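Participant: predicted structure and sequence below. I'll ask about it afterward.
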Number of protein chains: 2
Amino acid sequence: MERKGSLMTYRPDIKVLDATLRDGGLVNCFRFTDEFVKKLYLANLKAGVDYMEFGYKASTDIFKEEDFGPWKFCKEEDLRRIVGDNDTDMKIAVMADVGRCNLERDLLPKSESVIDMVRIATYITTMPAAIEMIEYCHSLGYETSCNIMAVSKTNTADLEIALEMLSKSSVDVIYLVDSYGSIFPEQVQQLTKLYLSFAEKCDKKIGIHAHNNQQLAFANTIEACSMGASFLDATIGSLGRGAGNCAMELLLGFLKNPKYNITHVLRFYEDYILKLREEGLVWGYDIAYLLTGKMNLHPSSAIQFTNEGRTDYADFYHRIFDMEC
Amino acid sequence: MERKGSLMTYRPDIKVLDATLRDGGLVNCFRFTDEFVKKLYLANLKAGVDYMEFGYKASTDIFKEEDFGPWKFCKEEDLRRIVGDNDTDMKIAVMADVGRCNLERDLLPKSESVIDMVRIATYITTMPAAIEMIEYCHSLGYETSCNIMAVSKTNTADLEIALEMLSKSSVDVIYLVDSYGSIFPEQVQQLTKLYLSFAEKCDKKIGIHAHNNQQLAFANTIEACSMGASFLDATIGSLGRGAGNCAMELLLGFLKNPKYNITHVLRFYEDYILKLREEGLVWGYDIAYLLTGKMNLHPSSAIQFTNEGRTDYADFYHRIFDMEC
């Protein structure tokens, strides 16, 4: 299959989305300092990042505010405290989980909000609810994406029906999400081709959100890119749940568009990401995550194993092996 | 281009080579305890590994014995202390660098040695010397490989001449070696295709030895595999110079041949590799290695930077950027 673009050029359709706060928030309950968030915003701006995702638009009916930092809820006043009116070229994104938000109450019309894009996260089984949310956000004036999670657990026939539903919706971007860090570049190639076969006929874009369980988050991201995906998610220092994400510093080191500048990402990494590690936050590739990725399992058992400071990997492997059976 | 095999099956031509001692020896001057080496040998045996590389066959005229552990020299008596007569299906490999060994003096005829394969490491500029060494080892009865280092710095026209020379030689395996961790899976695909176009016509095999500077060692290894490479190098825990290698635990987690068993690798990792880290040995992916990889530079500046415990990555980037210019 034809690759789009070459290693020497760039495609103007490529958009880089920084998910550091949103996926990273899953590690620290969204408790980032305002300084961290502000400096990240400035670093992303200088680095040429196209979209910055601030967190979730979760419902306070479901989650207690005192259990989380502000980026679990992304209230308009919290966003504006950081970005003002965001009079920049970088767009602001938030994520909304099917079944975990109250957008009718919590989302302003686009004309009154600094948010540009709402990313609807759904499992394949809740596509009708996802489509309803997409249409609602679209009617308020937002760009939308649909992030179909755990694609590695999804039956291809079901996936094709979901993609057909999305191709008839108002959604702007359809995301391939490797939630468990299970899939290999060969599979990314086939999946990107499948997603594009639905998306291209109705002028929608494809995105990729990868996890690093098998040290493939970057490889899978550039494979999807090369096959035609336009929206590429990354986080600085791979900050994110479990094995983390595609590292922004790897991605910007790869992309050839002169607008991207890795220096500001490196400075943020050395000034702020390293500090999170020093403070005891744990994330990133480790053997336990490799094993849940290999077994196509949710990383929760590996997160618990890692948080307990355990290193009996062989026993862990055989324990989750039984879980799978 | 046609892929060879599928993600559900296995190719019997695939051979896994454990380079933990040889590439790892570059981190600790080959000072592994006999217990470490013996347990690694047993772990590899149980894991179904096909070749175990013990170290270099370096000349004591060039390197002082007191500066290194035994695996810099791989004397017959040291090997036999670990493997006896190696009455197993796993083959023993050693590496010989062009210009740094004295094989006429130091290599026994195959019939008197437990070594099965001599891997000749060369830069493209010393191909005639490499071929001479290959023919000598072949005449003694050994399997041979030619590991053309730093392929990312090599002009394609020169590479084609080298491959033509090798195709006329007695070498058994020709290795694609990404010494600087610079190349991307798309390039691995093209290079594997090029190597195979020379190798297949004279029934030679292709191998890959990848480095993890851009978290692509595993991705590049399975890409080469999928395109037809048969010999796959890996090290447990990625142990190896700088950013390290393709992790054995990732590779055996991927390969489908029932002979491979990841459990014994995991046990060795938790019992012995973690201990090396605790003792202060430093290796593996880090931002400084990403940057030398991205810039297609030898990792030496990043190794120094890392050993000094520095984290001013942005400044390091601009320093090596100037080096490149």
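Facilitator: That came through, no problem.
Participant: quick one: low-confidence ranges for chain A?
Facilitator: In the predicted model of chain A, residues A:1, A:324-325 satisfy pLDDT under 70.
Participant: let's see it at 90
Facilitator: Low-confidence segments of chain A, defined by pLDDT under 90, are located at A:1-2, A:321-325.
Participant: what domains does the record give for it?
Facilitator: A:15-278, A:287-324 (automatic domain parsing).
Participant: ok, and does the first one reach over to chain B?
Facilitator: Translated: domain A:15-278. Yes - on the criterion C-beta under 8 Å from any C-beta of the partner chain, domain A:15-278 is in touch with chain B at A:184-187, A:212, A:214-220, A:222-223, A:226, A:247, A:249-250, A:253-254, A:262-263, A:266-267, A:269-270, A:274. Yep, even glycine has a C-beta here, placed from its N, CA and C like the rest.
Participant: give me the buried entries from these.
Facilitator: Buried subset of the residues of domain A:15-278 next to chain B (neighbour count, 16 or more other C-beta atoms under 10 Å in any protein chain shown): A:184-185, A:187, A:212, A:214-220, A:222-223, A:226, A:247, A:249-250, A:253-254, A:262-263, A:266-267, A:269-270.
Participant: which residue packs closest to the closest residue to chain B within chain A, ignoring adjacent ones?
Facilitator: Checking chain A residue by residue against chain B with C-beta to the nearest C-beta singles out A:Ala219 as nearest, at 3.3 Å. Distance criterion C-beta to C-beta, 6 or more residues apart in numbering or on different chains; nearest residue to A:Ala219, sequence neighbours excluded, is B:Ala219 at 3.3 Å.
Participant: how close does the residue nearest to A:Gly293 when sequence neighbours are not counted sit to B:Leu276?
Facilitator: Closest residue in space to A:Gly293, ignoring its immediate chain neighbours: A:Asn213 at 2.8 Å, by C-beta to C-beta, 6+ apart. For A:Asn213, the distance to B:Leu276 equals 23 Å [C-beta to C-beta, to the nearest Å].
Participant: and the helix or strand that contains the residue nearest to A:Ala219, what does it pack against?
Facilitator: Secondary-structure element containing B:Ala219, defined by DSSP states H and E: helix B:217-227. Other elements packing on helix B:217-227 under the criterion 3 or more C-beta pairs under 8 Å, 6 or more residues apart in numbering or on different chains; DSSP states H and E are helix A:185-199, helix A:217-227, helix B:185-199, strand B:205-209, strand B:231-234, helix B:248-254.
Participant: which among the ones you listed is found nearest to A:Ala43?
Facilitator: Evaluated over the helices and strands packed on helix B:217-227, closeness to A:Ala43 peaks at helix A:217-227, with 19.2 Å, by C-beta to C-beta.
Participant: if we can go back for a sec, tell me the contacts of the residue of chain A closest to chain B?
Facilitator: A:Pro185, B:Pro185, B:Gln215, B:Leu216, B:Phe218, B:Ala219 (C-beta atoms under 8 Å, 6 or more residues apart in numbering or on different chains).
Participant: switch the cut-off to 7 Å
Facilitator: The neighbours of A:Ala219, taking C-beta atoms under 7 Å, 6 or more residues apart in numbering or on different chains as the test, are A:Pro185, B:Pro185, B:Leu216, B:Ala219.
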